[in-house]
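In: here is a sequence together with a model predicted from it:
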Amino acid sequence: MSHAAADAHLLEPGAGVYHKKLGMWVFLASEVMFFTALIGSYIILRFGAAESWPVPSTVLNIPVTALNTFILICSSVSMVKAYAAAVEGDQKRLRLWLLVTVIGGATFVGVQVFEYTHLIHEHFLPSSGLFGSTFYTMTGFHGFHVSMGVICMTWVTIQAFRGRYTRENYHGVEVIGLYWHFVDLVWIILFTIVYLI
Amino acid sequence: MTTAAVHHEAAAGGHHELSFVRKYIFSTDHKIIGIQFLFMSLFFLLVGGLLAMMMRWQLGYPGKAVPGGGVLPETMASGGVILPEFYNSLVTMHGTFMVFFAIMPLLVGVYGNYLIPLKIGAPDMAFPRINMASFWIAFGAGIIMLAGFFATGGHAAAGWTSYAPLSARSDLSGVHMGQVLWLVGLIVLGLSSILGSMNYITTVVNLRAPGMTWFRLPLSIWALFITAILVLLAMPVLSGALIMLLFDQTLGTHFFDVSAGGQPLMWQHLFWFFGHPEVYILILPAMGIVSDIIANGSRKPIFGYHSMVFAIGAIAFLGWIVWGHHMFQSGMNPMLGTSFMISTMVIAVPSAIKTFNWMGTLWRGNIHFHTPMLNALAFVSMFVIGGLSGIFMASTPVDIFQHDTYFIVAHIHYVLFGGSLFAIFGAIYFWYPKMFGRMMSERLGKVHFVLTFVFYNLTFFPMHFLGMTGHMRRIYDPTQYEFLRPYQGTNRLITVGAFLLLASQLPFIWNFFWSLRKGAKAPLNPWRDNGLEWTVPSPPPHGNFATTPTVHHGPYEYSSPLTTDDYLPQNQEVRP
């Protein structure tokens, strides 16, 4: 695969940003609108039902998810480290930090699955009132995004182990990094409004 | 993507071997993908039209068996007579197919794909493989939508707007599987649209040929670019709403369930927050295409090019802050209603700018009435009628009387059929030679145009009068209402008009398929147009341009004093 060559010859005029990066920014704009629809609906429903809304900590295990949030933020840090290594062309550190990011993301999804099984065991279901509806829809779609990110990140990591990324071309790492930080950012908002407030 | 880029170079070198499957089915070539979208969306246009005929039959001749209706199963039509439940599905699916699977892909899928790279001087889209995926995802969505007709309980029947709670609870509508398939189909289609618009935006920003500055872009490309932004930002909101509705149907969530504190009205807000930008998604590309054709047919530069661009931008922006005008009857605060009324009326300003600019372009032009031009002129005049009836319903006091009547049906068909579809017919006639390398018959094209124009007006204009009598929008049998019985004659006239309108499409279908094989060979530039697509062979080879063109002019240099011809291709350099 020679994406590098293909992109280099197509880069000419335009925004001065290579296609995949621009495409990812554009795609993320659409993702913002998607999560806005879900979060906006949550706000409307919660304000509409202010009295009967349960206190989140009575249903959810906040400390476990707080730890999970910490893990996800750490994986964003390791993503930055991986990107910095890619820019410098440091293959060893690139592979290491990508691997850490994959593990961080996978752990996050794993803990979320654990959280779901636990909640379902305690009969807190998507049909358990508006709180159940919004909780599972929002965190579920976020988890889906993280899972997609982990799959793509794994692919990027395999490519890194094959020596695909050089100091001249680290596009794949940069693009997956944009997505990863976005997903992380969404989680910080979700954690705040669903778990804490 | 890589392979595609390699093939461009190979094509330029004059040898490329792609298997039939890679070349015509799983192709990454934007031109083939555009043609695939063309065939798919014309098929759905026909399906949507046939559904409309069944509705019209029931409204014109209630209780009588549909001609040929015997083939329908008993669950749809008992002895050929359409059942009320099936009528509801017809209403729903006519709207759904026409909006999401016919008009939208015809404009955005077909002409977005086909024209953007050719008109900006690019070898292909920025992401050819994502482009291919976006077609096949849309194809899958179409199959899912069609499958709903075979579902137990019938297809979705809550209207194309799928208002909750009717759409959220199967015990209210009697439809579960059909509604679920409808929701899944639209979610899948939304994914396709988002991928497509991501591709269009990246392509227009990054892949313009040297010299193709923003203000040398043809207006069709401007319109498609801004439409892509609307799709990109509006479609995910619909997806979010559809997902919530799907979960209400399948997982037992309560988003739109009043008994558990859910809010059905929230569906209307979410749907129309998407829905009003969607209206402009369906008309802006048509406006852009018509601008190209009118300048060509008038042999004059477009009047007020910059104001045309800013008007497109203004319409697109205002489209985000007017969604409440679909909900004047939902019990909203009158103050809020007034602000939505004002923002809606402001849209008349950029729309009027465009209309007057088209007239300014025609003014003292050397007008050529070729078939594309006739369709473009029909677009302008019908859009004006549709736009004016829109002012009626934008005014809250008037809308109280017109809401959910046939006046609304008349309005939407004046903008969507009279507007978008005439532009689409114009576009098909205009770019067919480039797409297939053959000319369509002008004579048959004019016959098709005249018949369509007459019977279209016969069908939809009387709906204004029906609406003023209070004729409701989605009723099964108008003769059940005392006050509507005197107008049954009008209903019957509309039905006759509708069937003649369908029959008027026969010359088009014949012309389209006959010309594929037997049409005269198309020259390079049959319409003597300035666009870059007319500087390459018909049909253009894989990779489009042998060498990257350099652009020297805007797109509308007709009758320029700089040259003896009455047109000046964008890549032609004039030396004094």
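Out: Sure thing, it's come through.
In: from here on, contacts and neighbour counts on C-alpha atoms
Out: OK.
In: give me every residue that touches residue 130.
Out: With no chain named, the answer covers chain A. With contact taken as Cα atoms under 8 Å, 6 or more residues apart in numbering or on different chains, A:Leu130 is in contact with A:45, A:53, B:253-255, B:260-262.
In: hm, I was asking about chain B
Out: Taking Cα under 8 Å, 6+ apart as the test, what B:Ile130 contacts is B:195-196, B:199.
In: so A:Asn68 is in contact with A:Val113, correct?
Out: No. A:Asn68 is beyond contact range of A:Val113, at 11.5 Å (criterion: Cα atoms under 8 Å).
In: please say which of the two ends up with more neighbours.
Out: For A:Asn68 versus A:Val113, the count of surrounding residues by other Cα atoms under 10 Å in any protein chain shown is larger for A:Asn68: 20 against 14.
In: which phi and psi does B:Ser41 have?
Out: The phi and psi values for B:Ser41, taken as degrees, to the nearest 10, are phi -80, psi -30.
In: got a list of what the residue lying closest to it once chain neighbours are set aside touches?
Out: Residue nearest to B:Ser41 in three dimensions, not counting chain neighbours: B:Ala102, with 4.6 Å by Cα to Cα, 6 or more residues apart in numbering or on different chains. Applying Cα under 8 Å, 6+ apart, we find B:Ala102 in contact with B:41-45.
In: so which of those residues is the most crowded?
Out: B:Ser41 (26 neighbours).
In: what's the distance between it and chain A?
Out: 25 Å (Cα to the nearest Cα, to the nearest Å).
In: what's near enough to touch that residue?
Out: B:Ser41 touches B:101-103, B:105-106, counting by Cα under 8 Å, 6+ apart.
In: how long is stretch B:20-39 end to end?
Out: One end of stretch B:20-39 sits 18 Å from the other (Cα to Cα, to the nearest Å).
In: what residues of it count as buried?
Out: Residues of stretch B:20-39 classed as buried: B:26-38 (neighbour count, 16 or more other Cα atoms under 10 Å in any protein chain shown).
In: is B:Pro433 in contact with B:Ser538, as I believe?
Out: Yes. Between B:Pro433 and B:Ser538 a contact is recorded at 6.6 Å, counting by Cα under 8 Å.
In: show me where chain A has helices.
Out: For chain A, applying DSSP state H gives helices covering A:3-10, A:19-48, A:56-59, A:62-88, A:91-121, A:129-161, A:171-190.
In: I'd like those as JSON lines, with mean pLDDT appended.
Out: JSON lines is the format used below for the helices of chain A (pLDDT from 0 to 100):
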{"stretch": "helix A:3-10", "mean pLDDT": "41"}
{"stretch": "helix A:19-48", "mean pLDDT": "96"}
{"stretch": "helix A:56-59", "mean pLDDT": "91"}
{"stretch": "helix A:62-88", "mean pLDDT": "96"}
{"stretch": "helix A:91-121", "mean pLDDT": "96"}
{"stretch": "helix A:129-161", "mean pLDDT": "96"}
{"stretch": "helix A:171-190", "mean pLDDT": "96"}
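In: could you export stretch A:111-122 as PDB, CA atoms only?
Out: This file holds the C-alpha atoms of stretch A:111-122, laid out as PDB (Å, rounded to 0.1, in the frame of the first residue of the first chain):
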ATOM      1  CA  VAL A 111     -14.800  -1.800  32.200                       C
ATOM      2  CA  GLN A 112     -17.900  -0.500  30.500                       C
ATOM      3  CA  VAL A 113     -19.000  -4.000  29.600                       C
ATOM      4  CA  PHE A 114     -18.500  -5.000  33.300                       C
ATOM      5  CA  GLU A 115     -20.500  -1.900  34.400                       C
ATOM      6  CA  TYR A 116     -23.300  -2.800  32.000                       C
ATOM      7  CA  THR A 117     -23.500  -6.500  33.200                       C
ATOM      8  CA  HIS A 118     -23.500  -5.300  36.700                       C
ATOM      9  CA  LEU A 119     -26.300  -2.800  36.100                       C
ATOM     10  CA  ILE A 120     -28.400  -5.300  34.200                       C
ATOM     11  CA  HIS A 121     -27.900  -7.800  37.000                       C
ATOM     12  CA  GLU A 122     -29.400  -5.200  39.300                       C
END
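In: give me the distance from that stretch to the chain's centre.
Out: 20 Å (Cα atoms, centre = their mean, to the nearest Å).
In: list of residues touching that stretch?
Out: With contacts defined as Cα under 8 Å, 6+ apart, stretch A:111-122 is touched by A:60, A:65, A:68, A:125, A:143.
In: can you add distance to B:Pro301 and give those back as TSV?
Out: As requested, the contacts of stretch A:111-122 are exported to TSV (distance: Cα to Cα, whole Å):
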residue	distance to B:Pro301
A:Leu60	65
A:Thr65	63
A:Asn68	62
A:Leu125	63
A:Gly143	53
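In: between which two of those is the distance greatest?
Out: Spatial extent of the contacts of stretch A:111-122 (Cα to Cα) is set by the pair A:Asn68 and A:Leu125 at 20.9 Å.
In: for chain A, identify the residue most remote from the centre.
Out: A:Glu51 (32.3 Å; Cα atoms, centre = their mean).
In: what are the ranges of the strands in chain B?
Out: With strands called from DSSP state E, chain B shows them at B:77-78, B:81-82.
In: what about the last one, average pLDDT?
Out: For strand B:81-82, the mean pLDDT works out to 94.
In: what helices and strands are in contact with that strand?
Out: Using 3 or more Cα pairs under 8 Å, 6 or more residues apart in numbering or on different chains; DSSP states H and E, no helix or strand is in contact with strand B:81-82.
In: contact residues of the stretch 151-300 of chain B facing chain A?
Out: B:194-195, B:198-199, B:201-203, B:205-210, B:232-234, B:236-237, B:239-241, B:244, B:251-255, B:260-263, B:266, B:270 (Cα under 8 Å from any Cα of the partner chain).
In: ok, of those, which come out buried?
Out: B:194-195, B:198-199, B:201-203, B:205-210, B:232-234, B:236-237, B:239-241, B:244, B:252-255, B:261-263, B:266, B:270.
In: among the contacts of A:Leu130, which one lies nearest to B:Ser330?
Out: Using Cα to Cα, these come closest to B:Ser330 at B:Gly262, 16.1 Å.
In: need the contact list for whichever residue of chain A sits closest to chain B.
Out: Proximity of chain A to chain B (Cα to the nearest Cα) peaks at A:Gly14, 3.9 Å away. Counting by Cα under 8 Å, 6+ apart, A:Gly14 touches B:205-208.
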